[in-house]
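Asks: Got a predicted structure here, sequence first:
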Amino acid sequence: MKPLGINLTRVFVVLITFVISSTLVASNWFYYASLTPFLLFIQGISLLILFSGSVFFFRKDIALSINITHVLVIAFGAYILINGLSFNSDYNSYHTYLLYCCGLLLCTSLLVKAFPGKLYVILSIVLALAMLESVICIGQWLGMLNSQNHFFRVTGTWSNPNVTAMFIVMAAPALFAIKNAPNKFGLNVAITCFLTICLSLILLNCRTAWVALAIILVIYINRHYHLLSLFKYLKRSYQVVTCMAAIGLVLLAGVQLYNHKKSSADGRLLIWKISAQMVQEKPLTGFGYGMFEREYNLHQANYFKLHKGTAREKANAGFVHMGYNEFLQNTVEGGAIGLMLLCGLFYALLRLPVFKQKETKDKNVDAYIAAYCGVLVFALMSLINFTIQAIPAMCVFVIYGAILTSAPYQRQLLVVRHANNSRANAGVFNKMQLIGSLLVAGGLWLSYSAFQTIIASYINKQATSQANAMQLLQPLANGLYHYESYWTNYGNILLNNRDYKRALVKYDHAKLLTSNPDLYFKSGICYERLDDKENAVKNYQQSAWLDPNRIQPHFALMRLYWRSRDTASAINAANEIITMPVKVATKRAYYYQHQALQLLKQASTNVSPVISDVSINQPSTINY
């Protein structure tokens with residue numbers, strides 16, 4: 001249908017392509033590189049919501065069907081909004097992200113119903129983008145393209161290779177579905193795509209993605225060769241031997257994966273341990289969505305401050321951004337209520353009998369099975385890694401969830417249709433018009449709001465290199481009030497301009513949203529410049545506890561103690577610096593240890609060693 005001369009089907013395909021591809025864009029347009037996919041993602045969803053309203057308003061041949069999954073998504077979104085506006089924390093950008101994801105699932109599921117012939121087109125888009133990412137990974141490995149992170153040779157378009165790997169593996173079910181689709185996807189092309197995906201996952205070195213790919217292969221091999229059916233016909237003794245062999249292979253693979261990155265695995269065990277303790281503090285409603293990073297690191301700092309941690313735990317600890325278990329992190333942020341809603345959503349999607357529809361004449365059955373596999377591996381990956389925060393993987397999960405929500409196997413709770421010209425149906429017609437109008441109005445407002453946020457975030461980044469930075473930043477307070485990047489950037493600029501009192505105000509505001517050790521370190525610099533030794537020491541110490549293996553705050557403490565003639569404390573700080581392991585070899589880290597040695601050598605002679613000032617421009621991304 002072409003209302004106003006516009007082909008709605010093509011617009012739908014273009015918008016879906018934009019939404020998915022926007023999550024893979026890497027740039028330095030904003031203060032953090034991860035803001036680019038986030039802001040483009042919410043802008044794309046806003047346009048999709050606007051488009052869905054237009055479809056419901058103009059197309060008379062479609063119905064608006066509501067099922068239990070829609071109800072759960074709406075309930076989850078409502079709880080997230082209430083959680084942020086009332087009992088836990090202020091509304092922040094993470095609430096925005098989760099709410100937009102709920103909106104994407106709702107609108108896409110309804111649009112897929114309106115355009116049922118485009119399921120395999122959507123899966124083809126996912127696969128094509130995954131192949132592009134795979135080619136980029138191979139290009140980085142060959143040295144033809146630059147990595148997004150100097151610590152890793154292969155990362156894809158994101159700086160974190162795990163994000164790219166989880167996105168690529170989420171596309172694997174789409175490949176198998178397209179291979180069996182009516183469009184006769186070539187076998188040689190399918191094999192090439194699969195091998196390319198496997199190679200990129202090996203290069204990205206993500207254990208979670210390897211496990212997910214293995215699960216996908218088992219599902220599709222079983223579907224093709226009916227392994228479970230064959231297992232049922234085996235003798236009992238053979239069944240026992242087969243089960244023991246399977247369990248042995250799983251345990252062996254688990255041990256190998258654990259030893260492959262042992263320190264990383266041990267670090268996650270510590271995260272889960274402290275997170276479980278946090279759940280006991282606020283079991284019902286949690287600490288608030290988007291507050292895991294802040295609250296967890298404060299708890300971890302207190303854990304080491306009270307000398308509860310072992311030497312091994314301290315060696316593997318660092319500043320943590322996510323919980324590496326979405327169910328546990330969701331419980332920390334949203335409490336038992338949030339956990340029940342999340343589990344309920346997964347259950348509603350995975351309870352569908354899609355594998356029992358093999359013999360039906362539904363041409364979309366392979367698309368539904370692909371979506372089912374994608375949701376399943378996403379849920380399993382959520383047990384051992386961050387998935388919701390990985391925007392590309394989360395986007396594909398939402399798309400898969402929307403496809404399952406639109407499946408004919410879902411029981412409909414409410415169906416609203418366009419009415420005919422009879423008076424009896426006039427009220428129903430008005431309801432459809434009202435829903436379409438509300439979605440159009442909401443989409444317009446959300447799109448304008450997202451565009452304003454994009455402009456404000458761009459100006460925030462540009463202000464870092466402008467002489468009139470203050471004039472540029474002041475008007476952005478309302479639009480970027482919930483963005484830590486704004487307050488951190490504002491504080492850094494004030495610090496560079498030696499306006500220490502105002503910088504502390506901005507840093508204190510940023511600390512409400514994050515507990516980044518760099519904020520405490522720079523707050524310590526401000527207090528030191530203001531001759532407030534007590535608060536300077538507190539902030540330097542807190543920075544050290546937040547990231548136990550970071551040398552920089554220990555060096556700042558050593559220098560401050562020495563200059564204030566607290567020789568005993570300076571010597572203790574110097575000894576800590578010397579004995580600290582250097583995880584990442586940098587000239588600055590070895591310089592700090594050299595200065596500590598010089599202090600210890602000259603402390604007994606009362607000769608003051610030359611110790612340079614701590615750099616106030618030290619990037620927060622460098623680890624020591």
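Replies: Okay, I see it. Numbering: from 1, shown residues only.

Asks: Domain boundaries for the protein, per the record?
Replies: 115-223+352-409, 226-260, 468-603 (automatic domain parsing).

Asks: Ok, which of the ones you listed comes nearest Gly84?
Replies: Closest approach to Gly84 among the domains of the chain (CB to CB): domain 468-603, 9.3 Å. For every residue, glycine as well, the C-beta is placed using N, CA and C.

Asks: thinking again about what came up before, mind giving me CSV with the domains of the chain and columns for distance to Lys314, mean pLDDT and mean neighbour count?
Replies: Compiled in CSV, these are given as follows (distance: least, CB to CB, whole Å; pLDDT from 0 to 100; neighbours: other CB atoms under 10 Å):
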stretch, distance to Lys314, mean pLDDT, mean neighbour count
domain 115-223+352-409, 21, 88, 20
domain 226-260, 20, 73, 11
domain 468-603, 5, 89, 19
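
Asks: And these: which comes nearest Gly290?
Replies: So among those, domain 468-603 is nearest, using CB to CB, at 7.7 Å.

Asks: possible to save the domains of the chain as JSON lines with distance to Leu270?
Replies: As requested, the domains of the chain are exported to JSON lines (distance: least, CB to CB, whole Å):
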{"stretch": "domain 115-223+352-409", "distance to Leu270": "14"}
{"stretch": "domain 226-260", "distance to Leu270": "15"}
{"stretch": "domain 468-603", "distance to Leu270": "11"}
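
Asks: Quick one: closest of those to Gln277.
Replies: When the domains of the chain are compared by CB to CB, domain 468-603 sits nearest Gln277, at 16.5 Å.

Asks: Can you give the distance from the closest one to the centre of its chain?
Replies: In terms of CA atoms, centre = their mean, to the nearest Å, the centre of domain 468-603 is set 27 Å apart from its chain centre.

Asks: residue boundaries of the strands in this protein?
Replies: Assigned strands in the chain, in chain order: 63-67, 412-417 (criterion: DSSP state E).

Asks: List the strands paired with the longest one, with their directions.
Replies: Yep, that's strand 412-417 we're talking about. strand 63-67 (antiparallel) (DSSP bridges).

Asks: quick one: buried residues of the strand it pairs with?
Replies: Residues Leu64, Ser65, Ile66, Asn67 are the ones in strand 63-67 that count as buried (16 or more other CB atoms under 10 Å).

Asks: check contacts around the residue nearest to Val377 when sequence neighbours are not counted.
Replies: Closest residue to Val377 apart from its sequence neighbours, by CB to CB, 6 or more residues apart in numbering: Ala212 at 4.2 Å. The neighbours of Ala212, taking CB atoms under 8 Å, 6 or more residues apart in numbering as the test, are Met166, Val169, Met170, Ala172, Val377, Leu380, Met381.

Asks: Same check on Leu557?
Replies: Val537, Tyr540, Gln541, Ala544, Ser569, Ala573 are the contacts of Leu557 under CB under 8 Å, 6+ apart.

Asks: again, but for Ile216
Replies: So Ile216 contacts Val169, Ala172, Pro173, Phe176, Cys373, Val377 (CB under 8 Å, 6+ apart).

Asks: Just name the closest of those residues to Lys262, please.
Replies: Among the contacts of Ile216, and counting by CB to CB, the member closest to Lys262 is Val169, at 22.7 Å.

Asks: how close does the closest one get to Val250?
Replies: Applying CB to CB, to the nearest Å, the value for Val169 to Val250 is 18 Å.

Asks: and what of Phe58?
Replies: Counting by CB to CB, the gap from Phe58 to Val250 is 53 Å.

Asks: returning to that earlier point: quick one: closest of the domains of the chain to Val416.
Replies: Proximity to Val416 (CB to CB) singles out domain 115-223+352-409 among the domains of the chain, at 15.5 Å.

Asks: ok, longest helix in the protein?
Replies: helix 426-462 (DSSP state H).

Asks: now the angle from that helix to strand 63-67?
Replies: Between helix 426-462 and strand 63-67, the angle comes out at 80 degrees (axes from the mean of the first three to the mean of the last three CA atoms, to 10 degrees).

Asks: Quick check: buried residues in helix 426-462?
Replies: So helix 426-462, judged by 16+ other CB under 10 Å, has buried residues 429, 432, 435-436, 439-440, 442-443, 446-447, 450, 453-454, 456-457, 459-461.

Asks: Quick check: which helices or strands does it pack against?
Replies: Applying 3 or more CB pairs under 8 Å, 6 or more residues apart in numbering; DSSP states H and E, we find helix 426-462 packed against helix 35-58, strand 412-417, helix 469-473, helix 484-496.

Asks: Give the rounded mean pLDDT of it.
Replies: Mean per-residue pLDDT for helix 426-462: 85.

Asks: Specify the angle between that helix and helix 35-58 in degrees.
Replies: Using the same axes, to 10 degrees: helix 426-462 against helix 35-58 is 160 degrees.
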